[in-house]
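Chemist: Sequence first, predicted model second:
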Amino acid sequence: MAEPGPGPAPGLARALVADLHDLAVDLAVGGYTRTALAMLERDLHRCAPSALGATITLDRGPHHAAVQAHVVPRVLQPAEVRSALRIPLPMSDDAVEASITLYAAAECAFADLAHALGVTPDLATALPDRPIEPGIQGLTDLTTVNIALGHLLNRGRTLSQAREELAHLAQHRHTDLARAARLLLDSS
């Protein structure tokens, strides 16, 4: 295993912290800007030269489909990624969990950065086991789940009843919410 390098300069670590804060603010208001992502990418490469990209994840819990934005320049194969670090992003809405997962080609690429950011080692994430493709994943699933919830609302369920029913169907069929939503819509 490679030894961590000399680590990011304190100013670079502070810049990356500011970038992550800006991204969290943008996500909290319902979007993200190209500027926040460009600054994050620039400072990430300055802190960890072997950085390959990142995945931003928004998760509203078991009754919602998660959305992931993969900010990578090309498809990354699992064998290319030698280190990864997941950092939770603070959100103003406690119902939303947001995180960013950083990927790098070098082993231990984020060890010093994690220390500089105050991220504890137990937040280090497993390396990916499938390719990471550029773009956003989960919007189609989120739409399908919302359509299924609307269908159940039209049948007289409350929103919480509809969410519970869909979650129960997913659990009963041993599948995720999006597939359960498709099953529900296909059977109607």
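Modeler: Yes, it's here. Small disclaimer: the values here were computed from a predicted structure and weren't measured. Numbering: from 1, shown residues only.

Chemist: who's the residue nearest to the spatial centre of the chain bridged to?
Modeler: Closest to where the C-alpha atoms of the chain average out (Cα atoms, centre = their mean) is residue 57, at 1.7 Å. Note on residue 57: beta-bridge partners residue 68, residue 99, judged by DSSP bridges.

Chemist: do the same with residue 76
Modeler: Beta bridges link residue 76 to residue 132, judged by DSSP bridges.

Chemist: I'd like the distance between it and residue 130.
Modeler: Shown here: residue 76 relative to residue 130, a distance of 10 Å by Cβ to Cβ, to the nearest Å. (C-beta placed from N, C-alpha, C; glycine too.)

Chemist: When the two are compared, which one has more neighbours?
Modeler: Applying other Cβ atoms under 10 Å to residue 76 and residue 130 shows that residue 76 carries more neighbours, namely 21 against 8.

Chemist: wait, the more buried one sits on residue 127?
Modeler: No - if you go by Cβ atoms under 8 Å, residue 76 and residue 127 don't touch, sitting 10.7 Å apart.

Chemist: if we can go back for a sec, hmm, the residue nearest to the centre of the chain is touching residue 65, no?
Modeler: No - counting by Cβ under 8 Å, residue 65 is not a contact partner of residue 57; they are 11.5 Å apart.

Chemist: Domain parsing of the protein, as residue ranges.
Modeler: 10-137, 140-186 (automatic domain parsing).

Chemist: all strands of the protein, in order?
Modeler: Here the chain has its strands, by DSSP state E, at 51-59, 67-71, 83-89, 97-104, 135-137.

Chemist: Would you format the ones you listed as TSV with distance to residue 149 and mean pLDDT included?
Modeler: Listed next are those as TSV, based on distance: least, Cβ to Cβ, whole Å; pLDDT from 0 to 100:
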stretch	distance to residue 149	mean pLDDT
strand 51-59	17	89
strand 67-71	16	86
strand 83-89	26	87
strand 97-104	20	88
strand 135-137	20	83
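
Chemist: Could you point out which of those strands sits nearest residue 44?
Modeler: strand 51-59 (4.8 Å; Cβ to Cβ).

Chemist: what sits up against the closest one?
Modeler: 23, 27, 32, 40-41, 44-45, 66-73, 76, 80-81, 89, 96-105, 109, 132 (Cβ atoms under 8 Å, 6 or more residues apart in numbering).

Chemist: Now do the buried residues in stretch 86-105.
Modeler: By neighbour count with 16 or more other Cβ atoms under 10 Å, stretch 86-105 contains the buried residues 86-87, 89, 91, 98-104.

Chemist: One more: stretch 131-143?
Modeler: Judged by neighbour count using 16+ other Cβ under 10 Å, the buried positions of stretch 131-143 are 132, 137-138, 141-142.

Chemist: can you tell me which residues contact the closest residue to residue 147 other than its chain neighbours?
Modeler: Using Cβ to Cβ, 6 or more residues apart in numbering and skipping residues adjacent in sequence, the residue nearest residue 147 is residue 185, 6.5 Å away. Neighbour list for residue 185: 144, 147-148, 151 [criterion: Cβ under 8 Å, 6+ apart].
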